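Participant: A predicted structure for the sequence below; I have some questions about it.
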Amino acid sequence: MTALSQTALLHELEPVVERNLNRHLTMAKEWFPHEYVPWSEGRTFSGPLGGEAWTEADTTLPDVARTALIVNLLTEDNLPAYHHQIATLFGRDGAWGTWVNRWTAEEGRHGIAIRDYLTVTRAVDPVALERARMVHMAHGYSNAHDHHMLNSLAYVSFQELATRISHRNTGRATGDAVCDALLGRIAADENLHMVFYRNLLGAAFEVDPDQTMQAVADVITNFEMPGVGIEGFTRKSVQIALAGIYDLRQHRDEVVVPVLRQWDVFNVSGLGPDGQAAQERIGRHLDDLEKAAARFEEKRDARQARLAAAAR
């Protein structure tokens with residue numbers, strides 16, 4: 001089978017986009033960021049208005065929860081770059097364009113709500129947060145999968161689910177019912193976005209199984225979270241993993257495997273040599289992820305045992 005061009009793929013998938021857009025609009029619930037922020041706790045900061053400077057004593061959240069919240073927020077802050085990427089790949093017309101704008105509008109609420117919560121509750125240093133935002137957004141955003149719409153669809157199918165899990169577990173890690181409710185609301189958005197993209201790529205398997213299988217294999221074997229460009233991301237991601245907010249086990253068992261199962265990738269028919277090779281690569285990668293997750297868990301357990309022994 002001759003591989004379809006991106007233009008042909010966009011045309012073939014347009015009816016699927018329209019159906020899933022209509023489905024999304026019936027499923028999505030209207031919500032308002034200001035309703036999830038405890039405004040009465042706020043007070044003026046130091047600066048032109050002469051308030052009180054932020055101090056470490058202001059926050060009641062665990063350190064790792066704050067780290068995760070900052071990573072999640074800075075990731076959401078790069079929305080203009082994400083919009084540019086998908087608008088360039090998917091186009092601005094028809095059902096594709098309508099979805100791009102709707103997705104962007106929904107994602108925009110996430111950064112607004114998290115920043116308002118963090119600022120009002122004084123959970124993090126607002127000066128350091130703003131400086132980190134400037135550095136991260138000035139760095140821009142790109143990933144290895146933005147050159148083809150199938151790769152991009154595959155990437156967001158996994159990434160939206162990963163983000164949902166990260167938000168949900170971060171909310172629990174804060175120990176704060178208000179933050180937990182806010183991040184639960186955001187996670188619900190992310191889940192609907194994941195279902196939209198997952199359904200589109202599922203349809204792509206029927207249109208061009210070889211190209212789609214190769215896209216999935218390329219994405220999962222080179223997957224990075226969109227916040228990878230955040231300053232100190234590696235150190236922060238290790239802290240987050242050690243706390244069980246998002247680690248390799250969750251990535252494999254709660255993100256990669258469920259999405260692959262939904263597509264039934266190991267039973268896709270009509271594959272040529274390239275598609276079959278990609279299918280085999282996916283299987284090998286799952287085995288590699290299992291080994292890596294087990295190694296991480298062993299190291300984390302050993303670390304926790306050492307810390308417990310030292311505390312006695």
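Facilitator: Cool, got the structure.
Participant: would you say residue 235 is within a helix?
Facilitator: Yes: looking at residue 235 with DSSP: H, G, I helix; E, B strand; the rest coil, it is inside a helix.
Participant: ok, it to residue 71 distance?
Facilitator: According to Cβ to Cβ, to the nearest Å, residue 235 and residue 71 sit 11 Å apart. From N, CA and C alone the C-beta is placed, and that goes for glycine too.
Participant: Same drill for those two, tell me which one is more crowded.
Facilitator: residue 71 (25 against 10; other Cβ atoms under 10 Å).
Participant: For the more buried one, give me the pLDDT.
Facilitator: Note on residue 71: pLDDT of 95.
Participant: Low-confidence ranges, this structure, go.
Facilitator: Scanning the chain for pLDDT under 70 picks out 1, 144-145.
Participant: for it, what's the longest helix?
Facilitator: helix 273-311 (DSSP state H).
Participant: tell me what it is packed against?
Facilitator: Applying 3 or more Cβ pairs under 8 Å, 6 or more residues apart in numbering; DSSP states H and E, we find helix 273-311 packed against helix 209-221, helix 233-242, helix 248-250, helix 257-263.
Participant: Name the residues that touch the shortest one?
Facilitator: Put plainly, it is helix 248-250. Applying Cβ atoms under 8 Å, 6 or more residues apart in numbering, the set of residues contacting helix 248-250 from outside is 165, 169, 241, 244, 289, 292-293, 296-297.
Participant: Apply 10 Å and report the result again.
Facilitator: Applying Cβ atoms under 10 Å, 6 or more residues apart in numbering, the contact partners of helix 248-250 are 162, 165-166, 169, 241, 244, 256, 289-297, 300.
Participant: Also the second one?
Facilitator: Where contact means Cβ under 10 Å, 6+ apart, the residues beyond helix 233-242 that reach it are 63-65, 67-68, 70-72, 74-75, 136, 166, 169-170, 173, 224-225, 227-228, 230, 232, 245-251, 296, 299-300, 303-304.
Participant: what about burial for these, which qualify?
Facilitator: With burial judged by 16 or more other Cβ atoms under 10 Å, the buried subset of the contacts of helix 233-242 is 64-65, 67-68, 70-72, 74-75, 136, 166, 169-170, 173, 225, 227, 230, 245-251, 296, 300.
Participant: how about the helices in the chain?
Facilitator: So, for the chain - with DSSP H - the helices run 6-27, 63-77, 79-90, 94-120, 126-139, 149-174, 177-207, 209-221, 233-242, 248-250, 257-263, 273-311.
Participant: most centrally placed residue in this protein?
Facilitator: residue 163 (3.0 Å; Cα atoms, centre = their mean).
Participant: isn't that residue right up against residue 188?
Facilitator: No: using Cβ atoms under 10 Å, residue 163 is not in contact with residue 188, being 11.8 Å away.
Participant: I'd say residue 6 and residue 150 touch.
Facilitator: Yes: Residue 6 lies in contact with residue 150 (Cβ under 10 Å); the separation is 8.0 Å.
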